[in-house]
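Asks: whatever this is, show me its structure:
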Amino acid sequence: MSFPNIDPVAITLGSIAIRWYSLAYIFGLLAGYWYINQLIKRPPPVLTQNQLSKFFSWVIVAVICGGRLGYVIFYQGSYYIEHPIKVFYLWEGGMSFHGGIIGVIIAVWVFSRQHKVKLLGLSDLLACAAPIGIFFGRLANFINGELYGRVSEVPWAIVFPAGGEQPRHPSQLYEAVLEGFILYFILLILISFTNIRYKTGLVTGVFLSGYGLARIIVEQYREPDIQLGFFIFQTTMGQWLSVPLLLLGLYLTYRSFFILDSKRKKH
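Replies: Presented below is the predicted three-dimensional model:
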């Protein structure tokens, strides 16, 4: 199957070219903001509309700065040591989800302390909305023909322009479905039909462990970054970076189910 002829530039306004990748970030952030705005209207109370508006600007900075620095440090360290000014060339691409989530964790921690908001309550709200941004981001990766999968003979394999002549797994779409679409609806069902939202930190735990597991699985079909290649036991950087997220998610889930629940029963 040939790669669909999709122009990575969505809109051209004179000399300004707006790429699908940029629109993915914009749509993801705006949709996430709208979704969280709906969630804070339901119990339990976590933050006000005014606090959400303030925090939104923090999230934008955290995602962009964390995502960029994560890519620089985890994937292209030696290159950016030689070309430090290019760290700021965001239009050339290069963002890391793991770096972005580290940036968001820092933002959540600082904001919660400054505004007297429950840290895990705030992270639960973000966890519900995060799959939306992931979904749009992975679709943009597909449109750009980047982060493609390994060579494959499956019927839906695609010949990517930058991937040579052999058909490959459309791993970007696998990630969009698993890390975005499916994870979003799992969380939606849980917060809509169970009491999970009253167990502080549990939504965050489900999201982190769900994302970590999904990413580790999909990395089995995704071509590793050429400058890094494979690590021990044919693992990839994406898998190693996902292990801490998976473990943290499992801990938060265990903490909410067993530790906090036992304390509530005692009181």
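Asks: report pLDDT for Pro44.
Replies: For Pro44, the model assigns a pLDDT of 87.
Asks: that one is in contact with Ile196, isn't it?
Replies: No: using Cβ atoms under 8 Å, Pro44 is not in contact with Ile196, being 11.4 Å away. To be clear about C-beta, it is placed using only N, CA and C from the backbone, and glycine gets the same treatment.
Asks: between the two, who's got more neighbours?
Replies: Legend: neighbour count by other Cβ atoms under 10 Å for Pro44 and Ile196, higher for Ile196 (18 against 10).
Asks: not counting its neighbours along the chain, what's nearest that one?
Replies: Leu190 (4.5 Å; Cβ to Cβ, 6 or more residues apart in numbering).
Asks: now do the contacts for that neighbour.
Replies: By Cβ atoms under 8 Å, 6 or more residues apart in numbering, the contact list for Leu190 reads 196, 203, 206.
Asks: how about those in TSV, adding pLDDT?
Replies: Formatted as TSV, the contacts of Leu190 follow (pLDDT from 0 to 100):
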residue	pLDDT
Ile196	89
Val203	96
Val206	96
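Asks: quick revisit: for the residue nearest to Ile196, give its distance to Gly66.
Replies: Separation of Leu190 from Gly66 (Cβ to Cβ, to the nearest Å): 26 Å.
Asks: mind listing what's buried along stretch 232-245?
Replies: The neighbour-count check on stretch 232-245 (16 or more other Cβ atoms under 10 Å) flags 236-239, 241-242, 245 as buried.
Asks: next one: stretch 97-108
Replies: In stretch 97-108, counting by 16+ other Cβ under 10 Å, buried: 97-105, 107-108.
Asks: which one of those is nearest Tyr80?
Replies: Ranked by distance to Tyr80 (Cβ to Cβ), the buried residues of stretch 97-108 are led by Gly99 at 12.8 Å.
Asks: quick check: chain neighbours aside, which residue is closest to that closest one?
Replies: Gly70 (1.2 Å).
Asks: min pLDDT across the buried residues of stretch 97-108, which one?
Replies: Within the buried residues of stretch 97-108, pLDDT reaches its minimum at Phe97, with 82.
Asks: which residues does it contact?
Replies: For Phe97, the contacting residues are 67, 70, 134, 137, by Cβ under 8 Å, 6+ apart.
Asks: one step back: mind putting the buried residues of stretch 97-108 into a markdown table with secondary structure and distance to Leu23?
Replies: Shown next, in a markdown table, are those (DSSP: H, G, I helix; E, B strand; the rest coil; distance: Cβ to Cβ, whole Å):
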| residue | secondary structure | distance to Leu23 |
| --- | --- | --- |
| Phe97 | helix | 18 |
| His98 | helix | 23 |
| Gly99 | helix | 21 |
| Gly100 | helix | 17 |
| Ile101 | helix | 21 |
| Ile102 | helix | 24 |
| Gly103 | helix | 21 |
| Val104 | helix | 21 |
| Ile105 | helix | 26 |
| Ala107 | helix | 23 |
| Val108 | helix | 26 |
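Asks: in helices, which of the contacts of Leu190 appear?
Replies: 203, 206 (DSSP state H).
Asks: can you give me the pLDDT of His267?
Replies: At His267, the pLDDT recorded in the model is 51.
Asks: before we move on, what about Leu260?
Replies: Confidence score, pLDDT, at Leu260: 59.
Asks: no further questions, thank you.
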